[in-house]
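Participant: Quick one: sequence and predicted model below, then my questions.
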Amino acid sequence: MDTATSPPTYRDATDADVDGIVALVESAYRGDSSRAGWTTEADILQGQRTDPQGVLEVVEAPDSRLLAVERDGRLVACCQLEHRGAHAYFGMFAVSPALQGAGLGKAIIAEAERRARETWGATEMHMTVISVREDLIAWYERRGYRRTGETTPFPYGDERFGIPQRDDLRFELLVKPLT
């Protein structure tokens, strides 16, 4: 079966997946390898996107799950879902740069929304996106998310989130009803 067209399988990530997930997230957003896909942040942030401790915290958190997405037994994507009362938070979304642009991301976000609705009864999905990532925000808008205009500051000086290459970064809240 061709790995480019075989359906993805979803499972909850475990401690054993941490290093693979860190490598996947880094490859999708940072450094030269991220330039193979369209989700790169390499021009606005250098340094790390995540680390093993941060991923492990998500894996072990009681109201959170980290979905590992595989094709033919190989990790190709991931996303975080966190139960926050009436809504769920969607984060740590990464698709292997070689597979971006082929519809896998659309399938994953739809599955994440379905799971948040069915598992937790979530009526909305929330996420934050760096506000200068207009192409990424437009992609989410095509999936039904709307910009709220609500922003939070980027954690300048905390290199766990990267080394900013510009001084106008902030996170914007995007919301989608799940009903």
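Facilitator: Happy to help now that I have it.

Participant: and Ala88, how many neighbours?
Facilitator: As a burial measure, Ala88 scores 28 neighbours (other Cβ atoms under 10 Å). C-beta: built from backbone N, CA, C; applies to glycine.

Participant: now could you export just the CA positions of the top strand by length along the chain as PDB?
Facilitator: Counting residues, the longest strand found in the chain (DSSP state E) is strand 74-84. Extracted in PDB, the C-alpha atoms of strand 74-84 (Å, rounded to 0.1, in the frame of the first residue of the first chain):
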ATOM      1  CA  ARG A  74       5.400   5.300  11.000                       C
ATOM      2  CA  LEU A  75       4.700   8.500  13.000                       C
ATOM      3  CA  VAL A  76       3.600  11.200  10.400                       C
ATOM      4  CA  ALA A  77       1.700  13.700  12.500                       C
ATOM      5  CA  CYS A  78       0.400  14.600  16.000                       C
ATOM      6  CA  CYS A  79      -1.900  16.900  17.800                       C
ATOM      7  CA  GLN A  80      -2.800  17.800  21.400                       C
ATOM      8  CA  LEU A  81      -6.300  17.800  22.700                       C
ATOM      9  CA  GLU A  82      -7.000  19.200  26.200                       C
ATOM     10  CA  HIS A  83     -10.400  19.300  27.900                       C
ATOM     11  CA  ARG A  84     -11.100  22.700  29.300                       C
END
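
Participant: what's the first-to-last distance across stretch 162-171?
Facilitator: Stretch 162-171 has an end-to-end distance of 14 Å (criterion: Cα to Cα, to the nearest Å).

Participant: So which bits of it are buried?
Facilitator: Within stretch 162-171, the residues that count as buried by 16 or more other Cβ atoms under 10 Å are 162, 164, 169, 171.

Participant: Find the residue closest to the last one in space, skipping its chain neighbours.
Facilitator: By the measure of Cβ to Cβ, 6 or more residues apart in numbering, the closest residue to Phe171 outside its immediate chain neighbours is Thr128, 4.0 Å from it.

Participant: and whichever strand or helix holds the one you found with strand 74-84, angle?
Facilitator: Using DSSP states H and E, Thr128 maps to strand 124-130. Relative orientation of strand 124-130 versus strand 74-84 (axes from the mean of the first three to the mean of the last three Cα atoms, to 10 degrees): 110 degrees.

Participant: need the contact list for Tyr156.
Facilitator: By Cβ atoms under 8 Å, 6 or more residues apart in numbering, the residues touching Tyr156 are 164, 167, 169.

Participant: how far away is it from Ile163?
Facilitator: Distance, Tyr156 to Ile163, using Cβ to Cβ, to the nearest Å: 10 Å.

Participant: Could you do Phe90 as well?
Facilitator: 25 Å.

Participant: again with Glu41
Facilitator: Distance from Glu41 to Ile163, by Cβ to Cβ: 11 Å.

Participant: what do you get for Pro52?
Facilitator: 19 Å.
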